[in-house]
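Peer 1: no sequence on this one, just coordinates:
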């Protein structure tokens, strides 16, 4: 752990990504205990004010404090990222491990189903779910999570195949260990770093997907704040209050940048081949 910590602290992109990602998590946690103003409190007399001592980032068309909305909106971003990536990681990893361990028609079936799922992007799945069950954050999470399943299945299968050809796995098979035991004891621990990096990168994409779905009215519903819906509400006020679009857009950009830097940094630090090259 000390060697890993030294490599991590020496990696500037990883440190910057960790700081930005930590700020995202801190904003979401802080909003449960404190916000500058009540996020749902409207004051039409104070609508469309610029940044001031009372309202640090100004107010929106309903007189709500923008800084408070941004803090509370981070909750939806974290929730979508954690749950959707968790769904994709759990189901995709299981399917990928089964495909690599069994091979044959089982592997072919799983991969062809994954290819079929790729034909339905998260946005299209959200529209389909909305048509049946109505718009909402839960449907958006399910749509994004389903879209991530084949992604993790492909990454897991490819990484597991590389491990299955290693000498120590062949020795384990020769000693009489079954496929399930080898998968749990040898394959999964050796591909865990790849899955962690992939989950971090997909988290960043989930942030963008949630913002896009909320922007279209398919994600977080009023009165729950959302960065994507803040952008949608600001687009009609670009000439009156252009900063209303700047703040949520900047929040989305920094969150995605931080998660991407964190994922790239973890890949560099955790990949033993890259470590040897340094």
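Peer 2: Structure received. Here the structure is a predicted model, which means the values were calculated and not measured.
Peer 1: which non-adjacent residue is nearest residue 154?
Peer 2: Closest residue to residue 154 apart from its sequence neighbours, by CB to CB, 6 or more residues apart in numbering: residue 114 at 6.2 Å. For every residue, glycine as well, the C-beta is placed using N, CA and C.
Peer 1: which helices and strands sit right next to the helix or strand containing the one you found?
Peer 2: Counting by DSSP states H and E, the element that carries residue 114 is helix 104-118. Judged by 3 or more CB pairs under 8 Å, 6 or more residues apart in numbering; DSSP states H and E, helix 104-118 is in contact with helix 66-102, helix 137-164.
Peer 1: Could you list the buried residues of the shortest one?
Peer 2: Of the residues in helix 137-164, those scored as buried under the neighbour-count criterion (16 or more other CB atoms under 10 Å) are 137, 139-157, 159-161, 163-164.
Peer 1: Does anything pack onto the next helix or strand after it? Which helices or strands?
Peer 2: The first helix or strand that comes after helix 137-164 along the chain, using DSSP H and E, is helix 167-174. If contacts are counted by 3+ CB pairs under 8 Å, 6+ apart, helix 167-174 sits against helix 179-182.
Peer 1: any idea of the mean pLDDT for whichever helix or strand comes after the helix it packs on?
Peer 2: Following helix 179-182 in sequence order, the next helix or strand is helix 188-215 (DSSP H and E). Mean pLDDT, helix 188-215: 91.
Peer 1: what's the helix or strand for residue 24?
Peer 2: Here residue 24 is assigned to helix 12-33, by DSSP H and E.
Peer 1: Could you tell me the angle between the direction of that helix and that of helix 188-215?
Peer 2: With axes from the mean of the first three to the mean of the last three CA atoms, to 10 degrees applied, the angle from helix 12-33 to helix 188-215 works out at 60 degrees.
Peer 1: Can you list the buried residues in helix 12-33?
Peer 2: Neighbour-count burial for helix 12-33 flags 14, 17-18, 20-21, 24, 27-28, 31 (criterion: 16+ other CB under 10 Å).
Peer 1: Identify, from the residues you listed, the entry nearest to residue 187.
Peer 2: residue 14 (26.3 Å; CB to CB).
Peer 1: measure residue 102 to residue 183 for me?
Peer 2: According to CB to CB, to the nearest Å, residue 102 stands 10 Å off from residue 183.
Peer 1: So for these two, which residue has more residues nearby?
Peer 2: Counted by other CB atoms under 10 Å, residue 102 and residue 183 do not tie: residue 183 has more neighbours, with 19 against 13.
Peer 1: ok, that one - contacts?
Peer 2: When the contact criterion is CB atoms under 8 Å, 6 or more residues apart in numbering, the partners of residue 183 are 97, 100-101, 160.
Peer 1: Now pLDDT too, for those residues, in TSV please.
Peer 2: Below are the contacts of residue 183 laid out as TSV (pLDDT from 0 to 100):
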residue	pLDDT
97	95
100	93
101	92
160	94
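Peer 1: Pick out the most distant pair among those.
Peer 2: Across the contacts of residue 183 (CB to CB), the longest gap, 7.4 Å, separates 101 and 160.
Peer 1: joint contacts of these two?
Peer 2: Both residue 101 and residue 160 are in contact with 183, 187, where contact means CB under 8 Å, 6+ apart.
Peer 1: just to revisit the earlier point, residues of the helix holding residue 114 that come out buried?
Peer 2: 107, 110-111, 114, 117.
Peer 1: what's the answer for stretch 74-93, then?
Peer 2: Buried residues in stretch 74-93, counted by 16+ other CB under 10 Å: 74-81, 83-85, 87-89, 91-93.
Peer 1: for the record, mean pLDDT for that stretch?
Peer 2: Rounded mean pLDDT across stretch 74-93 is 94.
Peer 1: what do you get for stretch 106-124?
Peer 2: 84.
Peer 1: and if you look at stretch 35-51?
Peer 2: For stretch 35-51, mean pLDDT rounds to 91.
Peer 1: which parts of it are buried?
Peer 2: Judged by neighbour count using 16+ other CB under 10 Å, the buried positions of stretch 35-51 are 35, 37, 39, 46-49.
Peer 1: ok, those residues vs residue 266, which is closest?
Peer 2: residue 35 (31.5 Å).
Peer 1: in a strand, that's where the closest one is, yeah?
Peer 2: No. Using DSSP: H, G, I helix; E, B strand; the rest coil, the secondary structure at residue 35 is coil, not a strand.
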